Structure formats: structure tokens, C-alpha cells
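Engineer: got a structure for you, letters missing:
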């Protein structure tokens, strides 16, 4: 049984239900929502002596979707998806960086404590693109000042060619019967997003704007360190990047240009 833990209760689980329909086969997967940001999760984990027992914290919070009697040992793999939340006014940038680093070091193995995927600055980075494929995606950054002045959701919606996440979502997660053309359109859009985000992650980590040859090249901690070195130290900005495409790249270990490979 695999556990997927999301920050929010609506958008992220809805995106994942589409990914299930498009890419996953049969299998038992539990989807639950923490209902708060990664820095609150960090705080609560410290109350558990920082041992990384995410399931205990979720159970204490009565997390939406988690069985009441769930234990860490119930799950063969655990994946977490949270936002960087650049706009957080309760913490300094230094405090956010220190806590996120600790979280990435703690949650670096899906078969142990869990594997954390971070979206910079938020999950809406999925729609921060011009018409796919967007050859300029590697250049896009956003500043903390902008994110604190107005919602990144609004910034992304206005910037996006698509205006929302509809271009990568199947209606109701794909439960209704769909025509083949619509199904393939959404799947192709995801494959192009995987290309864009993995190439950009590789640029952040190595300076090369290309799909990486292996997942270690774009490990989450390496991405964070690249963000700190290339962007955060220079005017408090970050490169726009999303965790979902990186997860697909790592999980399926495929050539993403082969549309029949998944």
C-alpha cells in the first residue's frame, strides 16, 4: 500500500487523481491531506522528537483521507507534496530555508520516512507556462516580494497561456467516460510538462538545460541547493518549478519522449 500526502485538500488530490488515471495501473493507494503548510508540519514533527513519523503526525491531525488506525508500517512507500510557500510572513527566508533543508534531508527515501517533493513557490507553478512546449520555461523566476504583494495563484493565472489547471486535468479525475482525443491531449500535456520541469531542474542543478540522464541529478535536495545558490541568494527569488513532473520522472524511470512508454 502506498501513501500520498498532500498539503491541500482539493487541488493537489484532484491533480493526482488525473495522474492515476493517465499513468498508474492497479494498486492500493491512500491519498490524504495534511491541511497546512510544510513549516507547520516541521513544527509538529519536532514535537515527535523530529523522528520523521509522518503517519503519527497525520493521525494526530485527523488528516483527511487517512484511516484512523493507520501506522507507518502499513505503507511500503510514502510520498509527500508540499509548497515552498515563499510568501510566508511568519518566518524569515533564512528560517524557511533551514527548515526546508531539514525536511528534505529527513524525507529523502520513499521506503523509509518518506520522499518529499517541493513546488516552488506553489502547486500553481504547474500552469505557469505559455503554450506547450514553452522553450522559455527555463528562464521563469518569481520574487518573494511579488508573492507577498499578491497571490501567486493570480500571478500564475494571468501569466499562463491556459489560465488554469484544466489543460492537465481530466474531469472529476477521469471517472467519467472520455473520448480518446481528450484523454491523449491531457496526457501529452503532462509529458511536455515533465520535459520542461526536469530540464529546468537539471539546469538549476548543473547549468545544463536538458532532460537529466538519471534521477540523482535532479534529487530534491540538489534542486533546493541549486535554488539557494542561483536564485535565493540574489534578490530573494526562485525558479518556478513543480514537484509533480519530477515525481513522474523519478517514479516511472522512462524516456519521457516515448509517449507509449508509460
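Structural biologist: Good, I have the coordinates. Values in this document were obtained by computation on a predicted structure and should not be read as measured data.
Engineer: how far does the biggest helix by length in the chain sit from its chain's centre?
Structural biologist: Longest helix in the chain by number of residues (criterion: DSSP state H): helix 180-206. For helix 180-206, the gap between its own C-alpha mean and the chain's C-alpha mean amounts to 13 Å (C-alpha atoms, centre = their mean, to the nearest Å).
Engineer: what helix or strand does residue 20 sit in?
Structural biologist: Per DSSP states H and E, residue 20 falls inside helix 11-23.
Engineer: circling back: after the longest helix of the chain comes which helix or strand?
Structural biologist: Under the assignment DSSP H and E, the closest C-terminal helix or strand after helix 180-206 is helix 220-227.
Engineer: from the contact counts, what lies against the strand or helix carrying residue 251?
Structural biologist: In this structure, residue 251 sits in helix 243-252 according to DSSP H and E. Here helix 243-252 is seen to pack against helix 11-23, strand 77-83, strand 114-119, helix 180-206, helix 220-227 when contacts are counted using 3 or more C-beta pairs under 8 Å, 6 or more residues apart in numbering; DSSP states H and E. Every residue, glycine included, has its C-beta placed from N, CA and C.
Engineer: other residues contacting the third one?
Structural biologist: Pointing back at strand 114-119 there. Contacts to strand 114-119, defined as C-beta atoms under 8 Å, 6 or more residues apart in numbering, come from residues 3, 5, 38, 52, 54, 77-84, 100, 103-104, 106-109, 125-126, 220, 223-224, 241-244, 246-247.
Engineer: can you pull out the low-pLDDT segments for the stretch 151-262 of the chain?
Structural biologist: Along the stretch 151-262 of the chain, the parts satisfying pLDDT under 70 run over 172-178, 254-262.
Engineer: output the helices and strands packed on helix 243-252 as CSV; include the columns distance to residue 151 and mean neighbour count.
Structural biologist: Shown next, in CSV, are those (distance: least, C-beta to C-beta, whole Å; neighbours: other C-beta atoms under 10 Å):
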stretch, distance to residue 151, mean neighbour count
helix 11-23, 13, 19
strand 77-83, 12, 23
strand 114-119, 15, 23
helix 180-206, 22, 19
helix 220-227, 21, 21
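Engineer: ok, which of those comes nearest residue 150?
Structural biologist: Closest approach to residue 150 among the helices and strands packed on helix 243-252 (C-beta to C-beta): strand 77-83, 16.1 Å.
Engineer: I'd like the average pLDDT over the helix or strand that that closest one is followed by.
Structural biologist: Counting by DSSP H and E, the next helix or strand C-terminal to strand 77-83 is helix 93-106. Averaged over helix 93-106, pLDDT sits at 95.
Engineer: got a list of what the closest residue to residue 230 other than its chain neighbours touches?
Structural biologist: Spatial nearest neighbour of residue 230, excluding adjacent residues (C-beta to C-beta, 6 or more residues apart in numbering): residue 204 at 6.3 Å. Taking C-beta under 8 Å, 6+ apart, we find residue 204 in contact with 223, 226, 227, 230, 239, 241.
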